[in-house]
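Peer 1: Using only what follows, build the 3D model:
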Amino acid sequence: MFGILGWVVFGAIVGAIAKLLHPGRDPGGCLVTIAIGIAGSLFGGFLGRLLGLYQQGQAAGFIMSVIGAILLLVIYRAVTRARN
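Peer 2: So this is what the prediction gives:
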């Protein structure tokens, strides 16, 4: 089980991978990337388990975490672009 520090490290990794796979200008910095990575991990993991795609602890969870982070990154960019 992850502690809070584990979730932050995992979120930073997932957020960095999402940013590499979906490059572009973001108004936020490292903290926003970590937050999007953590939220994407939670969202993608929850959605994948809800749909029955995998069980907790399987490698597919990492892939769903990255997909969730990319999705949240796209939404974040759209919302911040609309405000400007």
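Peer 1: helices or strands up against the longest helix seen in the chain?
Peer 2: Assignment by DSSP state H gives helix 60-83 as the longest helix of the chain. Contacts defined by 3 or more C-beta pairs under 8 Å, 6 or more residues apart in numbering; DSSP states H and E place helix 60-83 against helix 4-21, helix 30-50. C-beta coordinates here come from the backbone N, C-alpha and C atoms, glycine included.
Peer 1: so which of these is the most packed in?
Peer 2: Stretch with highest mean neighbour count among the helices and strands packed on helix 60-83: helix 30-50 (a mean of 18; mean count of other C-beta atoms under 10 Å).
Peer 1: low pLDDT regions in this protein?
Peer 2: Low-confidence segments of the chain, defined by pLDDT under 70: 1-2, 26-27, 84.
Peer 1: cutoff 80 now
Peer 2: The chain contains residues with pLDDT under 80 at 1-8, 10-11, 22-31, 33-34, 44-45, 54-61, 81-84.
Peer 1: okay, the angle between the longest helix of the chain and helix 30-50?
Peer 2: 130 degrees (axes from the mean of the first three to the mean of the last three C-alpha atoms, to 10 degrees).
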